[in-house]
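K.L.:
Fold the following, please.
(one chain, ligands or ions: 1)
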Amino acid sequence: MKVVITGGAGFLGQKLAASLQEKGKLAGADGSLSPISEIICVDRAVPGEQRDGVTYVEADITSRGAFDAVVPEDTGSVFHLAAVVSAEAEADFDLGMRVNLDATRALLERCRTLERLPRLVFVSSVAAFGVAPSIVDDDTPVRPLNSYGVEKVVGEYLVGEYARRGFVDGRAVRLPTIVIRPGVPNKAASSFASSILREPLQGKTAVCPVSKDLAVWIKSPAAAVNDLIHAHDTPGEGWPDGLRALNLPGLTVTVSEMVAALGRAGGDKGLISWEPDPGIEAIVGSWPQGMVTERADALGFRADENVDAIVRQFLVDELGRSA
Ligand SMILES: NC(=O)c1ccc[n+]([C@@H]2O[C@H](COP(=O)([O-])OP(=O)(O)OC[C@H]3O[C@@H](n4cnc5c(N)ncnc54)[C@H](O)[C@@H]3O)[C@@H](O)[C@H]2O)c1
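P.N.:
This next block holds a predicted model:
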């Protein structure tokens with residue numbers, strides 16, 4: 001079975017490719033596990049570090065007909081991760097619409113033409129919620145308050161509609177903010193949530209643009225990748241009809257609690273520079289601080305144990321420290 005990962009050179013895309021390669025199997029159209037014959041990572045650029053046995057394809061998914069070339073006829077599964085992240089989509093409306101919305105529709109259209117009905121996992125976000133209580137549940141309406149959130153919600157509806165029509169076996173999952181992202185800060189409004197841990201753990205300074213009592217809904221990279229694979233393999237009947245989207249379990253953690261975990265892991269809290277940015281606080285503050293995730297829990301999705309376990313995961317997986 002061929003598997004396509006859009007955004008396959010990105011943070012989660014690369015981790016997903018590694019995990020799929022290790023696993024070697026995914027549920028096929030009939031639900032039984034089938035061997036993966038090829039993993040195709042599609043992105044604007046190929047990653048610096050490439051895995052043997054993974055196919056990397058450079059393509060701009062907003063260009064006309066891009067998916068005809070990069071999604072083979074016999075594709076069985078698609079993980080749609082390519083996106084312009086929150087602060088970038090807010091800064092550049094047209095780019096966000098092209099990548100996050102127009103390309104999602106184009107991908108669904110390509111899936112519709114394939115030899116057999118593919119499974120597709122669309123990665124949405126807590127940004128789907130804007131006007132909402134601080135703790136949302138499975139039935140809280142999605143009313144986003146920024147371009148990224150709107151693009152994700154429309155993508156969720158498209159996935160649900162293409163599934164209802166029988167064009168694709170699609171599912172959408174709303175990921176919490178993923179912490180700790182390795183590398184350097186990105187253009188996500190939530191980028192600070194990784195920076196304030198990642199940089200001090202390596203003896204570097206970090207900027208925190210939000211207040212200490214702001215709470216964020218987080219998940220580790222490993223748990224997120226497990227969720228994406230679980231979302232793929234879970235039978236379609238378990239998903240809500242119409243809007244085939246699920247809130248995924250996570251942890252509610254305040255910035256203060258993250259800083260305390262940093263201290264417990266031996267990081268220097270003094271390396272965090274507190275520089276309020278009302279724009280960032282407004283975007284992140286509009287997202288839910290927690291979720292009641294009964295549907296996802298019932299389907300077997302799981303949160304991390306606690307923030308200390310997330311920090312430990314980063315130290316072991318990214319910095320090569322012993323467990
Ligand atoms: N990381 C998080 O905290 C988080 C939280 C919720 C949802 N998500 C979603 O998960 C997905 C993956 O996130 P990530 O953190 O790995 O982001 P990322 O920015 O690392 O990866 C996204 C990838 O999409 C690619 N891309 C963007 N425009 C493209 C184009 N025109 N053509 C081809 N490729 C293009 C980028 O080059 C990048 O490699 C995204 O859809 C994101 O919205 C992430």
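
K.L.:
residue contacts, the closest residue to the ligand within the chain?
P.N.:
Nearest residue of the chain to the ligand (CB to the nearest ligand atom) works out as Gly10 at 2.1 Å. Heads up, the C-betas are built off the backbone N, CA and C, glycines and all. Shown in contact with Gly10 (CB atoms under 8 Å, 6 or more residues apart in numbering): 43, 81-82.

K.L.:
Repeat that for Ser124.
P.N.:
Ser124 neighbours (CB under 8 Å, 6+ apart): 152-153, 155-156, 172-175, 245.

K.L.:
circling back: can you add distance to Gln313 and pLDDT and give the contacts of Gly10 back as CSV?
P.N.:
Below are the contacts of Gly10 laid out as CSV (distance: CB to CB, whole Å; pLDDT from 0 to 100):
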residue, distance to Gln313, pLDDT
Asp43, 24, 98
Leu81, 20, 98
Ala82, 25, 98
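
K.L.:
ok, these vs Val259, which is closest?
P.N.:
Using CB to CB, the shortest approach to Val259 within the contacts of Gly10 belongs to Leu81, at 29.5 Å.

K.L.:
Quick check: the closest one touching Val123?
P.N.:
Yes - counting by CB atoms under 8 Å, Leu81 touches Val123, with 5.2 Å between them.

K.L.:
Next, the contact list for the residue nearest to Val255 when sequence neighbours are not counted, please.
P.N.:
Nearest residue to Val255, sequence neighbours excluded (CB to CB, 6 or more residues apart in numbering): Lys212, at 4.8 Å. Listed by CB under 8 Å, 6+ apart, the contact partners of Lys212 are 254-256, 259, 274.

K.L.:
name the element Lys212 belongs to?
P.N.:
Here Lys212 sits in a region with no helix or strand, counting by DSSP states H and E.

K.L.:
do you know how far it is from Ser194?
P.N.:
Using CB to CB, to the nearest Å, we find Lys212 at a distance of 17 Å from Ser194.

K.L.:
go on, Gly270?
P.N.:
For Gly270, the distance to Ser194 - CB to CB - is 19 Å.

K.L.:
ok, now Asp169?
P.N.:
Asp169 is 33 Å from Ser194, by CB to CB.

K.L.:
Could you check which of these two is surrounded by more residues?
P.N.:
Ser194 (26 against 23; other CB atoms under 10 Å).

K.L.:
isn't that one right next to Val184, touching?
P.N.:
No - using CB under 8 Å, Ser194 makes no contact with Val184, being 9.9 Å away.

K.L.:
For the residue lying farthest from the centre of the chain, give me the pLDDT.
P.N.:
Outermost residue of the chain with respect to the C-alpha centroid, by CA atoms, centre = their mean, is Gly270; its distance is 30.4 Å. On the pLDDT scale, Gly270 is placed at 97.

K.L.:
Cool, thanks, talk later.
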